[in-house]
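Undergrad: Any chance you can model this:
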Amino acid sequence: MHLLAYNIIRKIMAMSASVFRTSPDQLSFKAGLQALNAMRQTLPHLKSLEDRIEIFFVTLCQIDQHKVGCRPVRLEPRETKRRSKPYPLSKRDDFKGERG
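TA: Here you go, the predicted model:
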């Protein structure tokens with residue numbers, strides 16, 4: 001279910017990028033999620049189709065206004081974490097986690 005919601009949000013963000021001629025990877029996912037949540041609360045109170053279309057277009061504008069900064073050499077993970085235990089990782093292939 002979460003994957004479906006994620007894909008729907010990304011699709012609407014791509015629609016916003018297409019309408020306003022920006023790149024979809026420049027748009028903030030969190031801002032898109034917040035704009036869609038605001039639209040979801042407003043939509044049931046509107047009766048006419050024209051009002052609903054207008055609110056959808058305003059939401060696309062809001063999504064397009066929130067762009068992420070320039071991240072030219074961003075790599076994941078951002079920081080290398082050290083091992084929490086003083087013992088090295090097991091290198092054996094035949095170890096299945098069973099004793100005996």
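Undergrad: what residue is smack in the middle of the protein?
TA: residue 29 (3.8 Å; C-alpha atoms, centre = their mean).
Undergrad: mind listing what that one touches?
TA: Residue 29 makes contact with 9, 10, 13, according to C-beta atoms under 8 Å, 6 or more residues apart in numbering. Heads up, the C-betas are built off the backbone N, CA and C, glycines and all.
Undergrad: out of those residues, which are inside helices?
TA: 9, 10, 13 (DSSP state H).
Undergrad: for the last one, what are its contacts?
TA: Shown in contact with residue 13 (C-beta under 8 Å, 6+ apart): 24, 27, 29, 32, 63.
Undergrad: and residue 16, how many neighbours?
TA: 22 (other C-beta atoms under 10 Å).
Undergrad: which stretches of this protein have low pLDDT?
TA: 74-83, 92-100 (pLDDT under 70).
Undergrad: repeat that for 50
TA: Residues of the chain meeting the criterion pLDDT under 50: none.
Undergrad: Helices along that one, start to end?
TA: Using DSSP H, helices in the chain cover 2-19, 29-42, 49-65.
Undergrad: list the buried ones in the second one?
TA: This means helix 29-42. Neighbour counts over helix 29-42 (16 or more other C-beta atoms under 10 Å) mark 31, 32, 33, 35, 36, 39 as buried.
Undergrad: repeat for the first one
TA: Along helix 2-19, the positions that meet the burial threshold by neighbour count (16+ other C-beta under 10 Å) are 9, 12, 13, 16, 17.
Undergrad: isn't residue 39 right next to residue 53, touching?
TA: No: in this structure residue 39 lies outside contact range of residue 53 using C-beta atoms under 8 Å: 11.7 Å.
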